[in-house]
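>>> need a 3D model of the sequence below.
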Amino acid sequence: MKRFSELTSADFPGYDSDKISDWLIAMDDANGKYKVAVVILLVLFVILSIVAGTLVLPGILIILVVQILVFRRANRLKKELNLTGKIIKMARKGELTIRQ
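Residues are numbered from 1 along each chain as shown. All right, here's what the predicted structure looks like:
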């Protein structure tokens, strides 16, 4: 099975290759930004936890909000393409055929 980062528009036959490429680029960009944001937030939470006590619930909520904001463009493109987790998994396995 291919890693998500190894997918190309050729793995999605029958879909608009330009939109698939845009979606893959948006996902790659969002993943990078999300990793940086989570590391920064975790460091901030550790520092604040030491100073003020526990911040577990607000920290989880902030990470969820950051995830929604960072992946907004990628999710919009995914919705426009009518991609589902099952379709993406089939593309990763190389089992996706031209959609009808």
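>>> give me the distance from stretch 60-72 to the chain's centre.
Averaging C-alpha positions (C-alpha atoms, centre = their mean, to the nearest Å) puts stretch 60-72 11 Å from its chain's average.
>>> just checking, Arg73 touches Asp28?
No - Arg73 is beyond contact range of Asp28, at 11.7 Å (criterion: C-beta atoms under 8 Å). Heads up, the C-betas are built off the backbone N, CA and C, glycines and all.
>>> what helices and strands are in contact with the helix or strand harbouring Ala26?
Here Ala26, judged by DSSP states H and E, is contained in helix 17-52. Using 3 or more C-beta pairs under 8 Å, 6 or more residues apart in numbering; DSSP states H and E, the elements in contact with helix 17-52 are helix 56-70, helix 72-80.
>>> what helices and strands are in contact with the helix or strand bottoming out on mean pLDDT in the chain?
For the chain, using mean pLDDT, DSSP states H and E, the weakest element among its helices and strands is helix 56-70, scoring a mean of 80. Here helix 56-70 touches helix 17-52, going by 3+ C-beta pairs under 8 Å, 6+ apart.
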